[in-house]
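In: Give the three-dimensional model of this entry:
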Amino acid sequence: APPVYSKDETPAAFLTGEFLRWLGEQERDTPWFAHLSFLSPHPPFIVPEPYNSMYDPAEGPAFHRAVSWQAEAESHPYLAYNLDLQERSNFRPGAEGKVRDWGDDDFGRIRALY
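Out: Here you go, the predicted model:
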């Protein structure tokens, strides 16, 4: 389900609006610098219309994963370190178990939320 806020009420929309307001106050012949940091999407992993329905999650490419999390861990030292440390058993509502043990259906749910 989409969130209760609109696309115009997101942190990114606010930041953009405030930057444009600020930019309009700057003198045209004076140098200026601005740093904008767009960090979304982040938890709660939902976006408002029209972004939440732009793509059908079933039409995305297949997930490329090893046959097991242990085999996946062998592909890179950091993965070996990180996957072995996972203790969290619930990453998002409706998902069961550790992320390292998820299957395509679980990742498909994540894709549907983005």
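In: what does stretch 2-15 contact?
Out: With C-beta atoms under 8 Å, 6 or more residues apart in numbering as the test, stretch 2-15 has contacts from 36-40, 44, 46-53. Backbone N, C-alpha and C define where each C-beta goes, glycine included.
In: Endpoint to endpoint, that stretch covers what distance?
Out: Terminal residues of stretch 2-15 are spaced 21 Å apart (C-alpha to C-alpha, to the nearest Å).
In: How about it, which residues are buried there?
Out: Within stretch 2-15, the residues scored as buried using 16 or more other C-beta atoms under 10 Å are residue 10.
In: re earlier: who wins for most neighbours among the contacts of stretch 2-15?
Out: Using other C-beta atoms under 10 Å as the neighbour test, the contacts of stretch 2-15 are led by residue 47, with 20 neighbours.
In: hang on, the earlier thing: rebuild the contacts of stretch 2-15 as TSV, extending it with pLDDT, distance to residue 23 and secondary structure.
Out: Listed next are the contacts of stretch 2-15 as TSV, based on pLDDT from 0 to 100; distance: C-beta to C-beta, whole Å; DSSP: H, G, I helix; E, B strand; the rest coil:
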residue	pLDDT	distance to residue 23	secondary structure
36	93	11	coil
37	90	16	coil
38	86	16	coil
39	81	20	coil
40	70	21	coil
44	60	31	coil
46	74	30	coil
47	77	26	coil
48	82	25	coil
49	85	28	coil
50	87	26	coil
51	82	25	helix
52	81	29	helix
53	84	32	helix
